[in-house]
Each structure stands twice: as C-alpha cells, then as structure tokens.
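Undergrad: my questions are about this predicted structure, shown below with the sequence.
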Amino acid sequence: MSHEEFIPLAERKHLREKQIKKHNIANILTHWFNAGAGALLVLTGLGILFSPRLGIVPDIWLEFVRNVFGGTANLITFHYTVGLIWMAVMTFNILVGFRKYFIPFARNRMMLDKDDIEWLKVKPLQMLGFVKDKPLPPQDAYNAGQKIYSYVVVVGALLIGFTGVIMTFHQLVPWPWLLQWALPVHFGAMGMIIAGWIIHVYMGAVFPEEKEAFFSMFTGKVSALYARLHHSKWYWRYVTEEAEWEDSVLEKGRQLQEEAAGAD
Amino acid sequence: MADKKRYGFVIDVERCIDCRACLVACRAENDVEIPYTRIWVRDLGLKGEFPELSRTYVPYNCMHCEEPPCVDVCTSGATYKDQETGLVLVDQDACIGCGFCVDACPYDARHLDKTRGVVDKCNACAQRVEMGRAPACVATCLGESRLFGDLNDPESDVSKALKEAKSVQRLVTEDVNPGPNIYYIHGDVMESGVLPREPRYTAAETFWRKLAIPAVAAGVGLSFLGQAAFFTKQLLEGEKEFEE
Amino acid sequence: MAFQGPNLTRREFFKVASASAGALAVSQFVPPRVAKAAMRSGILDADGDGYIPTMCEMCVWRCGVLAKVKDGRVVKLEGNPDHPHSKGRLCARGQSGLMTTYDPDRVLKPLIRVGPRGGGQFREASWDEALDLAAESMLQLKNQYGPEAMIFSSTHNLSQVQFENLLNAYGSPNYGTQRSLCFNAMVTAFSLTYGVEEPARDYDNVEFILLIGRNLLEAISTSETAALVEAVARGAKLVVLDPRFTKTAGKADEWIPIRPGTDSAFLLAMIQVIVSEELADCDFVKQYVVGCDGIIDAMSEFTPEWAEAKTGVPADTIRRIAREYAAAKHNALAHPGWRTSNFINSFQTERAIATLNALSGNVLTPGGCLIAENPEAAGVPLGKPPQPPYPRTTSLRLDGVPWRYPLVPLKLGIFQELRDAILSGEPYQAKGWFISRQNPVLSIPDRAKTIEAMSKMECIIDVDVIMNDTAWFADIVLPEASYLERYDPLMALEGKVFIRQPVIEPQGDARSALWIYKQLGERLGLGDFFQYEDEEDYLRQQLAPFWVDLEILKTRGYVEPDAQREEEPEITFNTPSGKIEVYCETLGNAGFSPWPTWEEPTAPGPNEFYLLTGKVGQHTQTATQNNLFLHQVEDKPRMWIHPKPAEARGIKNNDWVLVSSPIGQIEIQAFVTEGIRPDCVYMTVGYGHISKGLTTAYGHGSSDSDLHVTYTDPISGGQALSQTYVTVEKA
C-alpha cells in the first residue's frame, strides 16, 4: 500500500462514513459529455478509415458503421457534427466563468508542483513492485498521474480539434499539404488520448484503491477517509475551510445572541 | 447476362482528329470547373522532317482500372470500383479532399478541384450510362473514335471493335499495369508522354502509414497490456489487499 | 444515299458584343412563356426539365440540336440524330453553345453611343427609343441622300430572307455579304460550269478524295467531317494539296505541300493527263459536257512537266495521281472547296475542279460523289407572308456589281469593294450602314481601312449578340437573342423542315431578328412588307403549304412534308446549254478565257513569306474567341514558321516576332514547326479583338485583318487572302 498514515480505527470508521464533495455538477457533466462524445467520435472516426493501404480498422466495423449511417458521406457528416458540437460545448464550458471557476480548477487540479514531480518518480516504481517502503508525497485533488492525463487530453483535444476543423472545412483550405498532414496528426492525437484513456479507465474504475473515485464521478462525493489518504492536500484544505466556515457560523450566532441579549 | 460488367473505352486512334468536341461536351455535361478538365486529347507531337511528317492524337481519361491504386489509397473510401459497372467512381460527398489519390494515379487522371475541395475525374458519365446512353464524349465524337461499352459482353461495340482491330494497345509498362480499361486500336500510342508512371505516395501518407499508425498501435497496445497485467495481478492478489 | 447538303448561307453571324455594366440576367424559373408552351406539348416535364429540339448557330453548318433544359437553364447540348447535318453529334463549338448564350459579356439591352465612335461608351435605352432613333436616322438618310446611301450587310443566316426583305423594301441596292471573302470563286465557277452554286458531296461510295486545301478536319462541317473520317477508315485514298501540314493532311495517304497559288497548275495538268490518255468517262462527257471536242488541245500546254516547274511537285507524282483519280471513275471526288478566296487565280482553280469532276462522271450520276441539285430546297417550297412588290432601285451598286464585275452573282456581291467605295466616295458617298450578325471590322482585310470607312458614316446600326469589334464602333447596338433563345425562319434540308425555337426565355431585353426587322420595318413605313404578327405567325405562314401544325414541329423538331420529290431526278444542268460548260461561252463573251486556264500568280520577294491563314476546329472565325469553354481548349494563337527560316532569323519557339505586310504590322508569338513550307507562315484567323467589351477575347492574339492586302478577282469578285506577302523578324 502506498499511502502511509496511521489513523486510529474509530476515526477511520468515522472518516469512512463522512462524505465530502469532490466534483461539482459541472465537472461531472463535462466528464461524461467528453466520454460520450469521445466514444462516438472514436468509433465513427475509425469507421471512416476505409483505405486498404492503412489497414487499421477491421472490415466488419467499416461495413457495419456505413450500413448504420447509410453511406460514407453521412458517416463523415455525423462525425464532424459531433466533433463540432463537442468543441463548442467545451469552449463554452471553459470560457463561461473562466476567472471564477476555471482558473482555480486549473491551479489546483492541473498544475504540477514539487510533490507531483516526486510522486511521478516514485509511484511507477512502486507499481512495479519496487521501493515499497518509500512514502508517496501528498497529492492534491487530482494526483500527478491524473494531472498528466489531463495534459494528454488537453493537448490531444487541441490537436484533434484544430486538425478536425481543417478537415471538416476542406473546401476552404487552399493548401492540400495541410489537409494531408492533418490526417496523421488527428489520428496520432487520438491514439495518444486512447492510450492514456486505457490507463485512466483502469486506474480510475477498475483498480480497487480508486473505486471511490469511480463512483464519485456519479455522486460527486468521496469518503473523507479516501480523501485524506489519497488526496491529503486537498483534504486538509477542505477540512480547514470547513472548520473556518463552522467558526464563522458560530461567531455569527454569538453575535446574534449578544445583540438579542443587548436588546433586552 | 449475370456476369459482372466491365465498362471501358476503345479508342480508334486513326479516327481521332483532335477536334476536342469531347473536352467541351464533358465539361458541359459534368459541370467541370474551369480550368480543370476530366479528359484530354494528348498530342504526341509532329514526327519527322518536312515533308515526311506524321502526327498521332491520344484521347485520354481515367482508365477505370481493374486494380486502381486510387481506390487503394483513398482515406474514406469515397473512391470505389462500382460493383455493377466496374467503373471507378468518386462519391464527392464522402471525399475529404486529402488528395492522396491524385498522386497515386499512374495516369494523372484525377485532380483536386480547389473550388469545391474534393477530387474530380472522369466517371464515364455514369449518370448517362445508367439511362442507357453513351458518355458525353463518346456521343459527340465526330470521327467515331471513342467507343464505350461492356468489355465483358461479346456483342458490345467495344468488344466487336477489339475483335476486328488490326492492332490493340493499352497504356501499360513492365512496371506499371493497374489493369486499365481503355484500349487503343489502329495506332501506336506507347510513348512516354502518355505511358503511366509509378503511383506516388505523399510524405503525409507515408508518414501516416509507416510511422503514425505503428506508433499508435504500439502505444495503445502497450498501454492496454500494461493495464491488463495490473488487472491480472489485481485478480490474483484479491481485493482484500487493497482494503483501506 | 446520304449526301452532305451545302449550306449556301455563310459565316459571320456569330459576333461577340460586349455587355454594358449589367451582369447576366438569368430568368428565374417561374412558368415563363417558353417553358409553359414546351410543358404543354410534353417536351418538358412538370419540373421544366427535358430536351427541346432546335438548331445550332455556332457556324454555318447548322446541326440539329437537342437542348437539355433544367430549371429554366440550358445545361447540355446534344446532336439531333434526325438531323442530316449532325446525325447526333456536335463539334466543340456546338457543344460550347451554352457558354455563348450565358456569356457574361452579352449585350442584353439596346445601346446608344454616347462618347466618340470606338470609345466604347454606350448608354442603355429602351427598345422604343433605340428603334425610333434607328428608323429616324435611316429615313433622314433616305430623304437626304436617297436609299442607296444606306448599306445593308449581313452574313447569310436563317433570318437572311427577312434581312433582304428589309433591304429591298427600303430600296437600297447595296447589299454586303461576306461571300467575296470566302465563297465567290467557287460559287461563280460552279454556277457558270454546272449551273449550281455549290454541289453537295456524297462520301458513301467514294474511293479517291482530292482535297485542295479544304481542311475538313479543322474547318469542321460536322456530318461531312465525319463522313470523310469514315471514308478514310473504310479505305478510301485521301490526297491533300496544302502548303501546310494541317490535321487533314495528317490523315491523308499523301500530303502534297504544293506551292501556294499553283493549285490550278496541278489540276490542269491532271486534266491534261486524263484527256490525253483518254481516261475520262467518255460516255458521260460526250453526253453532258460542252467542250468535249476541244479540250485536248486546250489543255495541251499544261503537261505535268510544265506543272512541276510551277508547283514544285514532281511530274511523275502529278501524272500518277491523275491516273489514280481517273481509275476511281465516278467514285472519285475533287472537292469543290470551301474558302476559295486564296489567289486571284482561285477562280480558275475552281473551274479546273469542276472540270475534273465532270471528266470522272461523278456529277449527278447515281452513286457518284457530287450532287448538283440544291438539296435544301428540294421538294420543300416554304410559304411566306404576302407583301407588295419592292420599289425599283435605279442607282448603281457601290461594289461594282454588275457594272464593273459582270459575272459576279448579285446576291454575293464584293464586300471589299463595298468597303473601298465607302472610302473613295465613288460613284457616290454611302452615309449609313446597317449591319446584322456580321463582323466586318475583323473579317474584311485591312482593318484600319474598315475603321476609317466607318468614320465616313453618319449612322451605324448593329444587330448582334455581343459587343464584338463592329458593335464597338456602332452608334446603335440592337441586342439579338442568342440562337438558343429565339425563333428564326425554318430551314429545309433533304426533304425535311427543321425549326429553330427558343429553349429558354431570352435573357434581358434581347429579341429575335424577325422581331427586330419587323419593328424597324414598321417604323420605316414598310409595315406591309412584314405581314406577320410575331415569330410563330411567321413560321405558320411558312408551313402553310403543308398543312402541318407548328406545335408538332416544335415538339419533334422537324417534319417531313409529303412534298413531291423525284426519286431519280433527271440529270440537267442549269446552264445556257443545259450541259456542263467546261467550255463556257459566257466567260468567253465577257472577255475571259472560256476554258479553265492558267493565270500566273504573284510571288513573295526574297525575304518574304506567303501569309497563310486558316481555321481551327475549336473556333468559328472571329465569333467565338470570347467563349470560355472554347478558350479552354484552343491552341495558343501563334505564327507557324519552318525551322530553317526561323533559325536564320534567330527565332526560337515562342519568341515574339514582328510580322509586316504592305499595309500593317502585328506582334505575335512564333511556333517553329516542320509542318509548313519554308516559304510560308501561317496564323489562325479570328484573334486580336480590339473591343474592350470582350473580357476574354480583348487583346488576345493578333488579327490577320491587320496584315491582309485587299484584292479583287475581276471574274468572281473574290478576295485573294493568300496573296499577301510578309516579312518576319524577331521582335
């Protein structure tokens, strides 16, 4: 086990039951929207690649998907329509409330700090069975691995979006070479994301330690124990904020009481 | 009757007078944007010295090959060999304008129409053939040099012309023979100006095929294998190990 | 038997005129008149799509066309399989007809000049204003100077009959066709020899074809070009006399690069061989030819050895060809020619051709190659509207016919003489010019002179489709509808009557010539000569003798009236003697040689070249250079020159060269080629337009009319277009 901290059993039980909110509704919707759109895009996108010379996609899928959509033209139209909608939604997501929501989100959950770098050096070795006794540095709401994956997704999405737009509006592109290179770049970026996604799915949904993480993408909540063990920096910041909030509520109550007494 | 059709052209070289009616008819019939063209009449040039001179014209367009390199390389499958007619056709709604096929065609018979962003080429006026009419170029040819029909049907004009021809040639070389379905009779057309070249593949296509795809396959494969290994380990070690 | 009907009508009604600022006004497809009528008769379906039969006008051959209409636009033209001139096929020009109708440079509204002549400044006007002004000018001219001061010129076309009607009703004798630039030698020679203007050719059984020039594979007459290709493929022997290796020469069994101007020497020597060796069809000759007795003596000096010195062709070759020609008997064809205005002696060339054919007995003989009867009118006399007799014209014609040129047919005239008479003011000064479907500025030799002649005019009225060079200099431009947008009088051909009808609504304000001439006629007080309500009424009157409904004609494109036609017409010749007049007394009486004879042509000086001009299969004279479809398939206009003289002048392929003649100079790119005699240069006609109203054609290439010297053959009035000699040097 990689997370070393001794918590007494009673506290452990208590923490296991306490639920804290990790993902707000926007995060959840965005995640699943990406997942759904991504699935459609990957499946239809691969379905477009008919060339026997490329030979990547099995004929069964190529024929099936063309049957479903009634021809290559419709398939392509569907693919880029979903792509454009996905791009529009994501852009909207990021731009609306950019300062209020996206900036703090990026600061904590995307930027890498010293702990993250250390984690990146230690964790892979631990997974392979080495240096089991070395303590893992504390992580924020998303661990370094998740942060790296977010980069993969962002870079990949930008590349895919840019090349996708080029290919969608190919009538307006005056340079054939741009279109031609857009294809392998689009494909490569997709491949990169899928490779990362395989890890993301395993680590986020299948790996038992992270079971709570998987369910949190539906409920938005994780147990306090999980948070304290796996994402301690976020946990303690959350707890501190909660305590401060409780203090301020108590203080407010005392003030009100005093005022009420003074009024008598 | 139930045999597959193999539509193709027979060009009687002796009868072509380079009037170019076919070029104009094709443009009108198929709305081909100026300055592009789907078909050509290639002039092999004046041969000899005054006054012993000769000249040959070679009507030329997509050869509707049996093994078309363009179909092979088409990213989206927009270019295909039609099952019923054997013609090589382009579904321009499915064409993404990458232009790989333009380089791949050994006869340079395809072009990228920059105004529409899709690839265009001779489709043997499939819209006319469907209605039992000859392609526009064939219908208007003054010298009756252009013939068109089902090469698999022994009663067709083209089959009969081939049978009776004193000489028959196709534009192929030792190295390049995609099985063209234009036959040239009564003339010697085997000259470098019209003979095919090797199919070319652009840098992007080669990069994609040789680098990007293997890289992605490797990356995804490794990732999958890695996770599969962990999953196996997880199954073997049981979940209790991970209780917190 | 199938025969190639000649169209006695000729070129030049396809002129390019420019558009005013207006863009193309394509009519929306709301049920318009034309489409409604076509839908009623079933040739267009409920969506307005279908094929409407009509006739092409991209050259004089007038192939039958099936025009494909979709959503109110004509989208494709197909040859009409029922029409003898197309037989289902169209040449490049025929196929490009859409682009002429939809040419953005079309004139779609009447125009009245506002700036100086040739400045290209016009203002749009209503038809009423333009027609009133035109009629007013013409009447004023008539009152002041007499009707002869008004010149009417038009190149023969389907509406010619009404053009001539206007001219004759107005009372002017001055009728300018462009025939003398082309056909005169042939028509005059064959009229005098056979009594027929242009015999039709039949290639069904031909075994030996002799073409003197007649670049049939580039100067395309669709069905005849196809017939020639078929005949050659079938095994007929083709011999081509031409100083240049044309595409026709390229398909010949023998190409003879004869010295220009010496065709008649070659032919006379052939005749000499045939008559002296008694190879002619003696029965035919004895029965039908005048001069049978004296011909051997008359031809005695024209031996092949004599001809060799003149032509540069070996005597043995000439002798052999004569024998081969004769051996084919009535399946031999010496082609009458097409453009026969090459040298002053071209008239004699034509006489020799007529003689050669007579000797082989192929004229009017069953299975023979020449049909002397006029197949167009055969058995189909069309009706016409009633009209009063024409006023008598007493003044002399300006072109010297017949008072200076007694043998030139009146309906041909001498166009270049007409132009020169305008300049000289002799015998009187012409003051007005009414031009329809013709481009004299580019077609008459010596463009500068023609423009100068126009400056003498008080009033120039031009009827045309596009702002061509002539319209550019006009005072009033009246927009004719293109051939796909109008009715014209019916055309009779081989016992069938064909219709030209609109396949789309006329764009803008363009109207048919039938309408324009009637409108003008009425304003000139000549309404009685135009007794038809509208175009359809005119056509109905034409059909009146046959009890055929116009609607049927419109649906089918043609009708075959049950007219009387003799199956085997008697062999007669419309000459004074009723026979073929190889020996022609009429000529003798007029002071010319009664026998076909040799006239020594001039020759270029030591540093000079024969300037040859000719046609290409992708254009029609000066009319099509603005057509975008044809512009795409044309060869770049360059001057052909043989490598030896090119090298001597330091000229390489595509170099710019200066070409100078006695009357002008042009700059043009050179095309160095083995395919031409070293003493000749060649350029294609029709380029070098100066009208800025032609976006594509303006300034493209150079014009031969800037180089050609004006000549007139005293017998036929024909031009001598190859008799101009030029120097060439690197620019």
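TA: Good, I have the coordinates.
Undergrad: so what's the residue in the stretch 401-550 of chain C that chain B sits nearest to up against?
TA: Closest contact between the stretch 401-550 of chain C and chain B, by CB to the nearest CB, is at C:Leu484 (12.7 Å). Every residue, glycine included, has its C-beta placed from N, CA and C. The contact partners of C:Leu484, taken as CB atoms under 8 Å, 6 or more residues apart in numbering or on different chains, are C:Thr54, C:Ala67, C:Val74, C:Gly97, C:Leu98, C:Thr101, C:Pro502, C:Val503, C:Ile504.
Undergrad: and those as CSV, adding distance to chain A, pLDDT and secondary structure?
TA: Formatted as CSV, the contacts of C:Leu484 follow (distance: CB to the nearest CB, whole Å; pLDDT from 0 to 100; DSSP: H, G, I helix; E, B strand; the rest coil):
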residue, distance to chain A, pLDDT, secondary structure
C:Thr54, 37, 96, strand
C:Ala67, 31, 96, strand
C:Val74, 27, 95, strand
C:Gly97, 30, 97, helix
C:Leu98, 25, 95, helix
C:Thr101, 29, 96, helix
C:Pro502, 36, 95, coil
C:Val503, 32, 95, coil
C:Ile504, 30, 94, coil
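Undergrad: considering only those residues, which also neighbour chain B?
TA: C:Leu98 (CB under 8 Å from any CB of the partner chain).
Undergrad: can you report how many residues neighbour B:Val168?
TA: 13 (other CB atoms under 10 Å in any protein chain shown).
Undergrad: if you could redo that for C:Asn653, that was the one I meant.
TA: 13.
Undergrad: pretty sure it sits in a helix.
TA: No. Looking at C:Asn653 with DSSP: H, G, I helix; E, B strand; the rest coil, it is coil, so not inside a helix.
Undergrad: list the contacts of it.
TA: Taking CB under 8 Å, 6+ apart as the test, what C:Asn653 contacts is C:Ala670, C:Phe671, C:Val672.
Undergrad: and A:Ala157, that's in a helix?
TA: Yes. Counting by three-state DSSP, A:Ala157 falls inside a helix.
Undergrad: test my guess that it contacts A:Thr91.
TA: No. Distance between A:Ala157 and A:Thr91: 10.6 Å, which falls outside the contact criterion (CB atoms under 8 Å).
Undergrad: tell me the residue of the stretch 101-250 of chain A that sits nearest chain C?
TA: Taking CB to the nearest CB, the stretch 101-250 of chain A has A:Pro174 as its residue nearest chain C, at 21.9 Å.
Undergrad: distance of that residue from B:Cys137?
TA: 30 Å (CB to CB, to the nearest Å).
Undergrad: who's more crowded, the two?
TA: Using other CB under 10 Å, the more surrounded residue of A:Pro174 and B:Cys137 is B:Cys137, with 27 against 9.
Undergrad: quickly find the element holding the more buried one.
TA: helix B:136-140 (DSSP states H and E).
Undergrad: against which helices or strands is the helix ranked longest in chain B packed?
TA: The residue-count maximum for a helix in chain B (DSSP state H) belongs to helix B:213-237. When contacts are defined as 3 or more CB pairs under 8 Å, 6 or more residues apart in numbering or on different chains; DSSP states H and E, helix B:213-237 packs onto helix A:176-201.
Undergrad: for the helix it packs on, what is the average pLDDT?
TA: Helix A:176-201 shows a mean pLDDT of 94.
Undergrad: for the very next helix or strand once past that helix, report the contacting residues that lie outside it.
TA: Per DSSP H and E, the first helix or strand lying C-terminal to helix A:176-201 is helix A:211-219. If you take CB under 8 Å, 6+ apart as the criterion, helix A:211-219 is touched by A:Gln19, A:Lys22, A:His23, A:Ile28, A:His31, A:Trp32, A:Gly204, A:Ala205, A:Val222, A:Ser223, A:Tyr226.
Undergrad: buried subset of the residues you listed?
TA: A:Gln19, A:Lys22, A:His23, A:Ile28, A:Gly204, A:Val222, A:Ser223, A:Tyr226 (16 or more other CB atoms under 10 Å in any protein chain shown).
Undergrad: could I get the CA-only coordinates of the strand or helix carrying the fourth one as CSV?
TA: Using DSSP H and E, A:Ile28 sits in helix A:25-48. Below are the C-alpha coordinates for helix A:25-48, written out as CSV (Å, rounded to 0.1, in the frame of the first residue of the first chain):
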residue,chain,number,x,y,z
ILE,A,25,-22.2,19.0,-11.2
ALA,A,26,-20.4,20.9,-14.0
ASN,A,27,-17.4,18.7,-13.6
ILE,A,28,-19.5,15.6,-13.7
LEU,A,29,-21.4,16.6,-16.7
THR,A,30,-18.3,17.7,-18.6
HIS,A,31,-16.6,14.4,-17.8
TRP,A,32,-19.4,12.3,-19.1
PHE,A,33,-20.1,14.5,-22.0
ASN,A,34,-16.5,14.1,-23.0
ALA,A,35,-16.7,10.4,-22.5
GLY,A,36,-19.8,10.0,-24.6
ALA,A,37,-18.7,12.4,-27.4
GLY,A,38,-15.3,10.8,-27.4
ALA,A,39,-16.8,7.3,-27.7
LEU,A,40,-18.9,8.4,-30.7
LEU,A,41,-16.1,10.2,-32.3
VAL,A,42,-13.6,7.4,-31.9
LEU,A,43,-16.0,4.8,-33.2
THR,A,44,-17.2,6.8,-36.2
GLY,A,45,-13.8,8.3,-36.9
LEU,A,46,-12.2,4.9,-37.1
GLY,A,47,-15.1,3.8,-39.2
ILE,A,48,-14.2,6.4,-41.8
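Undergrad: skipping adjacent residues, who's closest to C:Val657 in space?
TA: C:Ala670 (4.9 Å; CB to CB, 6 or more residues apart in numbering or on different chains).
Undergrad: so where does that neighbour fall, helix or strand?
TA: Going by DSSP H and E, C:Ala670 is in strand C:664-672.
Undergrad: list the contacts of that strand.
TA: Contacts of strand C:664-672 (CB under 8 Å, 6+ apart): C:446-448, C:636-643, C:646, C:651-659, C:683, C:688, C:701-703, C:706-707, C:728, C:731.
Undergrad: ok, now stretch A:8-25?
TA: A:7, A:31, A:141, A:216-217, A:219-225, A:227-228, A:234-235, A:238.
Undergrad: and that stretch, what's buried?
TA: Result for stretch A:8-25 [16+ other CB under 10 Å]: buried residues A:Arg12, A:Leu15, A:Gln19, A:Ile20, A:Lys22, A:His23.
Undergrad: so which of the contacts of stretch A:8-25 are in strands?
TA: Among the contacts of stretch A:8-25, DSSP state E puts A:Lys221, A:Val222, A:Ser223 in strands.
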